[in-house]
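Peer 1: Sequence and predicted structure, then a few things I'm wondering about:
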Amino acid sequence: MDESLALRSLRDQPFQLLAALEARGRAASGAPEQQAAREWVGVALRLAGELFLVAREETREVLGVPSQLTRVPGARAWLRGLANVHGALLPVIDLQHYFGGGVTPLTRSSRVLVVNHREVPAGLLVDEVLGFRNYADSEFGTQLPATQLRCERCLAGAFARGNESLPVLSLRLLVENPEFLDAAV
C-alpha cells in the first residue's frame with residue numbers, strides 16, 4: 001500500500017515517476033539496480049560496396065527508389081532529382097556520386113534513406129540498407145577505418161566488433177555542410 005501512495009505522490013513529476021517505476025520493475029525481476037551498459041543503435045548501409053553506419057535518430061525512414069524523379073535544371077549531377085514522397089517534394093541525392101565515387105547503379109537493393117533533419121529535407125540514394133545494428137558504447141572509437149569514398153569530413157567515429165570496424169556517417173554533418181547545401185552548378 002505504501003508503494004502505491006509513493007507513486008501517486010509523483011504523478012505531477014513524470015520523470016521521477018518513470019524512474020520509480022523502473023526501479024520497481026527491476027526489483028521485481030531481480031535485475032541489478034545499477035544501470036545496464038548504454039547501447040547505440042544505428043542503421044547499416046552499403047555505399048559503393050563499403051559498409052557504413054548511421055545513427056537511428058538521424059534517419060526518418062527508408063524508401064524504395066521512387067519511380068518518378070524530376071530532374072532539376074542547373075543542379076549538380078549528384079542531385080538525382082525531386083520525388084513526391086507523402087505529398088512533399090524530397091530532393092534525392094546520389095550519395096556515392098556526392099562523395100566522388102561515381103553514379104550509383106540502380107538495382108533491386110537500392111534504397112533512399114530519408115534524413116531526419118528539421119531544416120534540410122534530403123533523401124540519400126544508397127546501394128542497400130542492411131537493417132539495424134546495436135553496439136555498446138564501449139565499442140565506439142575515434143580511429144576511422146580507411147574508406148574508398150572521400151567522406152572523412154562526414155565521419156563521426158567507428159564501432160568495432162571482432163575484426164570488423166564500421167565507420168559512422170553523420171547525416172547531420174553531411175546535410176549541414178555548405179558544399180552539400182550548394183547544389184546549384
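Peer 2: Received it, and whenever you're ready, just let me know what you need.

Peer 1: Is it correct that residue 112 is in contact with residue 124?
Peer 2: Yes. Assessed by CB atoms under 8 Å, residue 112 is found in contact with residue 124 at 6.6 Å. Where C-beta positions appear, they are placed from N, C-alpha and C, glycine not excepted.

Peer 1: Show me where the chain has its strands.
Peer 2: 39-47, 50-55, 59-64, 79-85, 88-94, 111-115, 123-126, 128-136, 140-141, 155-161, 164-169 (DSSP state E).

Peer 1: Please enumerate the shared neighbours of residue 112 and residue 124.
Peer 2: residue 92 (CB atoms under 8 Å, 6 or more residues apart in numbering).

Peer 1: What distance separates the opening and closing residues of stretch 107-126?
Peer 2: Taking CA to CA, to the nearest Å, the first and last residues of stretch 107-126 lie 10 Å apart.

Peer 1: Let me see the mean pLDDT of stretch 22-38.
Peer 2: Confidence for stretch 22-38, expressed as mean pLDDT, is 64.

Peer 1: now, of the strands of the chain, which is deepest in the fold?
Peer 2: Of all these, strand 123-126 has the most neighbours on average by mean count of other CB atoms under 10 Å, namely a mean of 25.

Peer 1: Let's test this: mean pLDDT of that one, rounded?
Peer 2: On average, strand 123-126 scores 98.

Peer 1: How about residues contacting it?
Peer 2: Identification of contacts with strand 123-126 by CB under 8 Å, 6+ apart yields 45-47, 63, 65, 80, 83, 85, 90-96, 104, 110-115, 171, 174.

Peer 1: residues in contact with stretch 101-116?
Peer 2: 43, 45-48, 54, 57-66, 77, 83, 85, 90, 92, 94-97, 121-129, 148-149, 171, 174-175.

Peer 1: Kindly recompute the last result at 6 Å.
Peer 2: Applying CB atoms under 6 Å, 6 or more residues apart in numbering, the contact partners of stretch 101-116 are 48, 58-63, 65, 92, 94, 96-97, 122-126, 128-129, 149, 171, 175.

Peer 1: Please apply the same query to stretch 76-90.
Peer 2: Applying CB under 6 Å, 6+ apart, the external contacts of stretch 76-90 come out as 66, 69-72, 91-94, 97-98, 121, 123, 183, 185.

Peer 1: mean confidence score for it?
Peer 2: On average, stretch 76-90 scores 97.

Peer 1: Start and end of it, how far apart?
Peer 2: 16 Å.

Peer 1: Likewise for stretch 132-149?
Peer 2: End-to-end distance of stretch 132-149 (CA to CA): 22 Å.

Peer 1: That's all I had, so thanks and see you.
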